[in-house]
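J.: starting from these lines, generate the structure:
(2 chains)
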Amino acid sequence: MKKIQRGTLIFGIGIIVVFVAIQLLVQFKILNSFWFTIIRLGAVMAIVSLGLNLIYGFNGQFSLGQWAFYAIGAYASADATYRWTQLHSALGILVLLFAVVLSGLGILLIGRWISRIRGMDALSQFALYLIAIALLTWMALLVAKTLDAPVTALLNAIPPNISLQIVFFLSIILAGLIAAEVSFLFGLPVLTLGSDYFGIATLGLTIIVKVLLDNSDTMLGFPEMKGARGMIGIPKITTWFWVFSFLVLAIVITRNLLLSSYGRAIISVREDEVAAKAMGIDIAFYKNLTFVIGSFFAGAAGALYAHINGFLHPNTFNFIKSFDPLIIVVFGGLGSVTGTVAASFAWALVLEGFLRLWLPQGFETWRFVVYPLLLLIMMLLKPNGLLGSYEIAYLRDHIPSLRKKDKAQIQPPSTYPTAATDAQEVKS
Amino acid sequence: MMTVATAAPSATLNNNNAPVLSVQNLSKEFGGLKAVYNFNLELAEHSLIGLIGPNGAGKTTVFNMITGIYVPTTGSIKLYGEEISNLEPHKINHLGIARTFQNIRLFSNLTVLDNVRIAYHTHAGYSLYDSILRSKKYSTRERELTEKAQDFLEVFRLEDRQTEIAKNLPYGEQRRLEIARALAANPKLLLLDEPAAGMNPAETVDLMNLIHFIRDKFNLTILLIEHQMRVVMGICEGITVMDFGEVIARGTPKDIQSNPRVIEAYLGPGAAALSEKFKRKKNQ
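T.: As a prediction, the model looks like this:
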């Protein structure tokens, strides 16, 4: 009944074509595993960068914490699938599930309660949430332990292939949610800081997460994560289907969010906080909302990344690498979804792909010279990024043209008192 | 002070006895500096009042306190009898106060239409889930909202500019857009901070007409800060004069023009006597 917009149609056809084309190339082994990994990596980076683009490009909050949420998502989901495949226990996924769901409910309830009390400062809110979440996580652990045996039996009853996919899918979503919840908690006190200070604070978070992962076997008590030696034995089950569907999902969610009243409120915070406040926009809420959604993307992308190589090392989540999504976002154009996706694939293909192959043996490290140079040239020639603020038709806002309407309803400007008479009035 | 928000603007707005805005003993100190001291103001329904004074008199500080950007050191601000001085800015906006800024603060990288649509945000009427899932509610409400914004732009003669980026508009149109955006939030009280700043005489006259027009059309109460005496004397029904954070005079434009304290505040001590002398000479 409703006419589908042309942009949407082209986008729909486009994603099907891209999906089928790459799937076929992989199926017939035209694309070797090296390039296949790179393409999946590009898609994962695109999801991370879309999240960061929401936070930095659209909401104007300079964040270096995206990589921390990426790490949290990667390790959380890897642990769940590892326990399922290697230890044959559903405990990992169950703890994750109950922790996320219970904490989520706790956050919602406390949030509702707090909104009725005026004047509670961010730090006391933070403390309240933290205590609640700690308690709920502990409860989740108890619940999960009691449910472990029956659920494991249940999952064992279905074919192992399918049960693994179920666990994997759940772990991606839960990884995203746990990253979102951590970001909510972290953002509560930190988002009240100004933009630059917020950047520093998020950098701090990335370093904290990296150090915790370095010591995950001792400090956190996850021996299977093996700390600084790197986690092995994660099933390699991130197929093209999974990354691509999540990428499309991320694009659609971003687009639907941005082209709504909520998206406009998010962007208005970037444009002018004081004016946004005066226009009735609760800027603290929107900063937090964007941060949470952006981190959800990072967490889900981390989960997908963990299952590409089947190997995770804390060095991957070094803060130096946290600049990668930032560079992608700036390179692709701050505030351009199309640009971010394009730049992510370009980043993966060029930096990890072509340059690695083309540079002579022993010169691979030179990619980190070539790539900043490319970036420099780019910033000099096109400071707005690769695509500036260009968007494909699907992602653009379609403003309807003005309607013909009876002029009586709204006073047309011609009925203003004429300028001349009024000017005389003023003089007299 | 921790009071539970009982924000029911529709109920309180019908209360005709209370003045639209009543400011009592308002003070603001920045460290040792008394930016505003013992400021009182009462705005009757549908009035158009000017707030004038030399630079640094504290006019914009008063605006910032009324709109919640600053928390007053002491004093109370009541909108239709309801205390608002401890509310956050966005809540004050929801209760019906909108403002423009001295130095234009548009969402400069957004289109003209989006600038107005942002102001409708509180009345959007659909949830986050509606927008992400593109529900039917989303599409109908979004269409209504866009049409309403377009109507609004038409009132302000900006309808042909709807897809233009706000920062590319000429100065006069940016001012108009800012007023349009403020009004889109459907306020009862509009605060205009130097709306005629930087305008040429023709644009100024245009603006004065516009202010009169919107007051009648949207049934507004308007408080405006202005340095161009032509505007203040031309359209304001009452004037409050501030100097060094204190109110030094109140009255009709005529009274204010001849008030010695006002003249001294603007032209320096002794100026009033001089002007008196000058007038007498002229009369002789």
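J.: could you measure the spatially most central residue of chain A against residue B:270, distance?
T.: Compute the mean C-alpha point of chain A, and by CA atoms, centre = their mean the closest residue is residue A:297, 2.5 Å away. For residue A:297, the distance to residue B:270 (CB to CB, to the nearest Å) stands at 68 Å. The C-beta positions use only the backbone N, C-alpha and C, and glycine is treated the same way.
J.: how about the residues of the stretch 151-284 of chain B that lie near chain A?
T.: Within the stretch 151-284 of chain B, the positions adjacent to chain A are B:151, B:154-157, B:159, B:162-163, B:181-182, B:185, B:202, B:205-206, B:208-210, B:212-213, B:217, B:230, B:233-234 by CB under 8 Å from any CB of the partner chain.
J.: tell me what the host helix or strand of residue A:249 is packed against?
T.: Taking DSSP states H and E as the definition, one finds residue A:249 inside helix A:240-258. Judged by 3 or more CB pairs under 8 Å, 6 or more residues apart in numbering or on different chains; DSSP states H and E, helix A:240-258 is in contact with helix A:6-27, helix A:33-52, helix A:160-190, helix A:261-271, helix A:283-309, helix A:337-347, helix B:128-133.
J.: quick one: which of those is nearest residue B:97?
T.: Residue B:97 lies closest, by CB to CB, to one member of the helices and strands packed on helix A:240-258: helix A:283-309, at 17.1 Å.
J.: ok, the helix or strand following that closest one: who's next to it in the sheet?
T.: Where DSSP H and E defines the elements, the next helix or strand beyond helix A:283-309 is strand A:311-312. Note on strand A:311-312: by DSSP bridges, its sheet partners are strand A:231-232 (antiparallel).
J.: looking at the helices and strands packed on helix A:240-258, which is buried most?
T.: Ranked by mean neighbour count under mean count of other CB atoms under 10 Å in any protein chain shown, those are led by helix A:283-309, which reaches a mean of 26.
J.: and the residue of the stretch 151-284 of chain B closest to chain A?
T.: In the stretch 151-284 of chain B, the residue that lies nearest chain A is residue B:234 (4.1 Å; CB to the nearest CB).
J.: can you give the domain ranges for chain B?
T.: Here chain B is described, according to automatic domain parsing, as comprising the domains B:18-96+B:187-254, B:109-173.
J.: including mean pLDDT, could those domains go into JSON lines?
T.: Shown next, in JSON lines, are the domains of chain B (pLDDT from 0 to 100):
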{"stretch": "domain B:18-96+B:187-254", "mean pLDDT": "90"}
{"stretch": "domain B:109-173", "mean pLDDT": "89"}
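J.: ok, and what's touching stretch B:216-225?
T.: The contact list for stretch B:216-225 (CB atoms under 8 Å, 6 or more residues apart in numbering or on different chains) reads A:411, B:20-21, B:41, B:43-52, B:59-60, B:63, B:66, B:102, B:155, B:183, B:187-195, B:211, B:214-215, B:231-232, B:236.
J.: pretty sure residue A:254 is touching residue A:54, no?
T.: Yes: judged on CB atoms under 8 Å, residue A:254 makes contact with residue A:54 at a distance of 6.4 Å.
J.: secondary structure element for residue B:51, which one?
T.: Residue B:51 belongs to strand B:48-52, assigned by DSSP H and E.
J.: residues in contact with the helix or strand just after that strand?
T.: Sequence order places helix B:59-66 as the next helix or strand after strand B:48-52, per DSSP H and E. Residues from elsewhere that reach helix B:59-66 (CB under 8 Å, 6+ apart): B:21, B:23, B:26, B:28, B:35-36, B:39, B:41, B:51-53, B:70-72, B:77, B:85, B:92, B:97, B:99, B:102, B:191, B:193, B:223, B:225, B:242, B:245.
J.: make it 6 Å
T.: Residues from elsewhere that reach helix B:59-66, judged by CB atoms under 6 Å, 6 or more residues apart in numbering or on different chains: B:28, B:35-36, B:39, B:51, B:53, B:70, B:72, B:77, B:102, B:191, B:193, B:225, B:242.
J.: what does stretch A:173-190 give?
T.: Here stretch A:173-190 has contacts from A:69, A:72-73, A:76-77, A:96-97, A:100, A:103, A:122-123, A:125-126, A:129, A:201, A:205, A:288, A:291-292, A:295-296, A:298-300, A:303, using CB under 6 Å, 6+ apart.
J.: quick one: mean pLDDT over that stretch.
T.: Stretch A:173-190 comes out with an average pLDDT of 94.
J.: using PDB, list the CA coordinates for that stretch.
T.: What follows is stretch A:173-190, C-alpha atoms only, in PDB (Å, rounded to 0.1, in the frame of the first residue of the first chain):
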ATOM      1  CA  ILE A 173      23.600  -9.700  21.100                       C
ATOM      2  CA  LEU A 174      24.600 -10.100  24.700                       C
ATOM      3  CA  ALA A 175      28.200  -8.800  24.000                       C
ATOM      4  CA  GLY A 176      26.600  -5.700  22.500                       C
ATOM      5  CA  LEU A 177      24.300  -5.300  25.500                       C
ATOM      6  CA  ILE A 178      27.000  -5.800  28.100                       C
ATOM      7  CA  ALA A 179      29.100  -3.200  26.300                       C
ATOM      8  CA  ALA A 180      26.100  -0.900  26.300                       C
ATOM      9  CA  GLU A 181      25.500  -1.400  30.000                       C
ATOM     10  CA  VAL A 182      29.100  -0.800  30.900                       C
ATOM     11  CA  SER A 183      29.100   2.300  28.700                       C
ATOM     12  CA  PHE A 184      26.000   3.600  30.400                       C
ATOM     13  CA  LEU A 185      27.600   3.200  33.800                       C
ATOM     14  CA  PHE A 186      30.800   4.700  32.600                       C
ATOM     15  CA  GLY A 187      29.100   7.500  30.800                       C
ATOM     16  CA  LEU A 188      27.000   8.600  33.700                       C
ATOM     17  CA  PRO A 189      29.600  10.600  35.500                       C
ATOM     18  CA  VAL A 190      32.000  11.000  32.600                       C
END
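J.: can you give me the buried ones in the longest helix belonging to chain B?
T.: Longest helix in chain B, counting residues (DSSP state H): helix B:136-155. Of the residues in helix B:136-155, B:138, B:141-142, B:145-146, B:149-155 count as buried by neighbour count, 16 or more other CB atoms under 10 Å in any protein chain shown.
J.: could you dump the host helix or strand of residue B:264 to CSV, C-alpha only?
T.: Per DSSP H and E, residue B:264 falls inside helix B:260-267. Only the C-alpha atoms of helix B:260-267 are listed here, as CSV (Å, rounded to 0.1, in the frame of the first residue of the first chain):
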residue,chain,number,x,y,z
PRO,B,260,17.5,61.4,34.9
ARG,B,261,18.9,58.2,36.4
VAL,B,262,18.6,56.5,33.1
ILE,B,263,20.3,59.3,31.3
GLU,B,264,23.1,59.2,33.8
ALA,B,265,23.5,55.5,33.5
TYR,B,266,23.9,55.7,29.8
LEU,B,267,25.8,59.0,29.5
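J.: check the gap between residue A:357 and residue A:34 for me.
T.: Between residue A:357 and residue A:34 the distance is 9 Å, computed by CB to CB.
J.: try residue B:232
T.: Distance of residue B:232 to residue A:34, given as CB to CB: 74 Å.
J.: same question, residue B:102
T.: Distance, residue B:102 to residue A:34, using CB to CB: 60 Å.
J.: and if you look at residue A:98?
T.: Distance from residue A:98 to residue A:34, by CB to CB: 39 Å.
J.: next one: residue A:302
T.: Distance of residue A:302 to residue A:34, computed by CB to CB: 22 Å.
J.: for residue A:70, helix, strand, or coil?
T.: helix (DSSP: H, G, I helix; E, B strand; the rest coil).
J.: burial count for it?
T.: Other residues within reach of residue A:70 by the criterion other CB atoms under 10 Å in any protein chain shown amount to 36.
J.: so what's it up against?
T.: Residue A:70 is in contact with A:48, A:298, A:302, counting by CB under 6 Å, 6+ apart.
J.: over to residue A:63?
T.: Residues in contact with residue A:63 (CB under 6 Å, 6+ apart) are A:55-56, A:202.
J.: how about it, phi and psi?
T.: Dihedral angles phi and psi of residue A:63 (degrees, to the nearest 10) take the values phi -120, psi 130.
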